[in-house]
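Asker: Dropping a prediction and its sequence here:
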Amino acid sequence: DAKTTQPTSMDCAEGRAANLPCNHSTISGNEYVYWYRQIHSQGPQYIIHGLKNNETNEMASLIITEDRKSSTLILPHATLRDTAVYYCIVRPGGSGTYKYIFGTGTRLKVLA
Amino acid sequence: GAVVSQHPSWVICKSGTSVKIECRSLDFQATTMFWYRQFPKQSLMLMATSNEGSKATYEQGVEKDKFLINHASLTLSTLTVTSAHPEDSSFYICSAPTGGDTQYFGPGTRLTVL
């Protein structure tokens, strides 16, 4: 089973920030939080990941709570092209290859 | 980011035939690749882990004789759906981790079995 829970769906107005929450209350100390999104009929696209510090890249920001039991993905200025299903995944850190277990994700709809 | 390709993008076949789907890492080597299946309006379901030079590892409930996986080289894994039936119609997606362990996904292959 997936180790994360996310709201089923969210709407966001175009140009506004989209804040997508994820609960991972059973996360272990060496596990990373990864975010992907899947636009209709395409493969998932990597967005960002983090361990405990907040992270930012050209696509988004990731805010992880101090207890690491939840995180929020922030798309600062959502566009219509950001409409997608967003998945939050927890996976072990360290060297090695670990399989992803996908939850149901959040279906984000950006409204014009 | 790293690029993973899949071929074909879509395929239609008759019931009882076999279909091969290729997954390639274009700009990096991958000793491990993963195969997923996704039904409409559902999440991705991991089917198996493909290992270069050794046997694939299948998830519980996935028939290894029906979904044959071959990891022929460090950049290529293939999934063959044998004796396909309409219930095998689905969106098949592969992924490969880079050296930094972040997984990159292919664009997916839509299989329709008539």
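Answerer: That came through fine.

Asker: Please count neighbours and contacts with C-alpha atoms only from this point.
Answerer: Noted.

Asker: in chain A, what residue is nearest chain B?
Answerer: Nearest residue of chain A to chain B (CA to the nearest CA) works out as A:Gly43 at 4.3 Å.

Asker: Give me the neighbour count for the closest residue to that residue other than its chain neighbours.
Answerer: Leaving aside its chain neighbours, A:Gly43 sits nearest to B:Pro107 (4.3 Å; criterion: CA to CA, 6 or more residues apart in numbering or on different chains). Counted with other CA atoms under 10 Å in any protein chain shown, residues neighbouring B:Pro107 total 25.

Asker: Please apply the same query to the one 5 residues further on.
Answerer: Other residues near B:Thr112 number 19, with proximity taken as other CA under 10 Å.

Asker: Could you name the specific helix or strand carrying it?
Answerer: Per DSSP states H and E, B:Thr112 falls inside strand B:109-113.

Asker: now do A:Asn53
Answerer: Using DSSP H and E, A:Asn53 sits within no helix or strand.

Asker: That one reaches A:Asp67, doesn't it?
Answerer: No. A:Asn53 is beyond contact range of A:Asp67, at 11.1 Å (criterion: CA atoms under 8 Å).

Asker: Next, name the residue at the spatial heart of chain A.
Answerer: Centroid check for chain A by CA atoms, centre = their mean gives A:Trp35 as the closest residue, at 3.4 Å.

Asker: Quick one: name the residues of chain B near chain A.
Answerer: By the rule CA under 8 Å from any CA of the partner chain, the part of chain B lying against chain A is B:32, B:34, B:42-46, B:49, B:93, B:97, B:101, B:103-108.

Asker: Take those and keep only those in strands.
Answerer: Those of those mapping onto strands are B:Thr32, B:Phe34, B:Met45, B:Leu46, B:Thr49, B:Ile93, B:Pro97, B:Gln103, B:Tyr104, B:Phe105, per DSSP state E.

Asker: Quick one: list the elements packing against the one helix or strand B:Leu68 maps to.
Answerer: Using DSSP H and E, the element containing B:Leu68 is strand B:67-73. When contacts are defined as 3 or more CA pairs under 8 Å, 6 or more residues apart in numbering or on different chains; DSSP states H and E, strand B:67-73 packs onto strand B:45-51, strand B:76-81.

Asker: tell me the helices in chain A, going along the chain?
Answerer: Counting by DSSP state H, chain A has no helices to list.

Asker: Surely A:Met10 touches A:Gly105?
Answerer: No. Using CA under 8 Å, A:Met10 is not in contact with A:Gly105; the gap is 10.7 Å.

Asker: Comparing those two, which shows the higher neighbour count?
Answerer: Of the pair A:Met10 and A:Gly105, A:Gly105 is the one with more neighbours under other CA under 10 Å, namely 27 against 15.
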